[in-house]
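In: missing the sequence, but the structure's below:
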């Protein structure tokens, strides 16, 4: 009798452990975790080069908190920014700072890079008073 009871207990424990691990046919397969694909940031660089010895008042759109303005006291100058994927366009412009002019005939080059590629550029030459005006360059990301 003890042998039969022992076999019943072993059968019951074994049967219960195997059946509790079985997957019911009606249970759906779990969905794999969907991780959103991150949208890559956009990289842009603004660059001023040339032989202009005056100071330049620069305004560029950082599209993070609005426009940034600063005075560039010597060339070359550059600023690289990472923009979120939802940013569509950027811009930059520069003018001479009155009282800190260059020499007539000096040159300033302005470039916008998307990554490592120049996508917009302009050049300005100082007038008879040493003034430079670089109109705003705008770039729309593809």
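Out: Structure received. In this text the structure is predicted, and so the values were computed from the model without any measurement.
In: how about the contacts made by residue 73?
Out: 55, 100 (C-beta atoms under 8 Å, 6 or more residues apart in numbering). For the C-beta atoms, the positions are set from N, CA and C on the backbone; glycine is no exception.
In: residue ranges in this protein under the pLDDT threshold?
Out: 1-40, 64 (pLDDT under 70).
In: ok, which stretches of it are helices?
Out: Listed in chain order, the helices of the chain (DSSP state H) span 2-21.
In: residue 49: neighbour count?
Out: 15 (other C-beta atoms under 10 Å).
In: next up, the contacts around the nearest residue to residue 87 once chain neighbours are set aside.
Out: Using C-beta to C-beta, 6 or more residues apart in numbering and skipping the chain neighbours, the partner closest in space to residue 87 is residue 63 (4.5 Å). Contacts for residue 63 (C-beta under 8 Å, 6+ apart) come out as 83, 84, 87, 90.
In: and which of the residues you listed is nearest residue 43?
Out: residue 83 (7.5 Å; C-beta to C-beta).
In: what sits against the closest one?
Out: By C-beta under 8 Å, 6+ apart, the contact list for residue 83 reads 41, 42, 43, 44, 63, 64, 90, 141.
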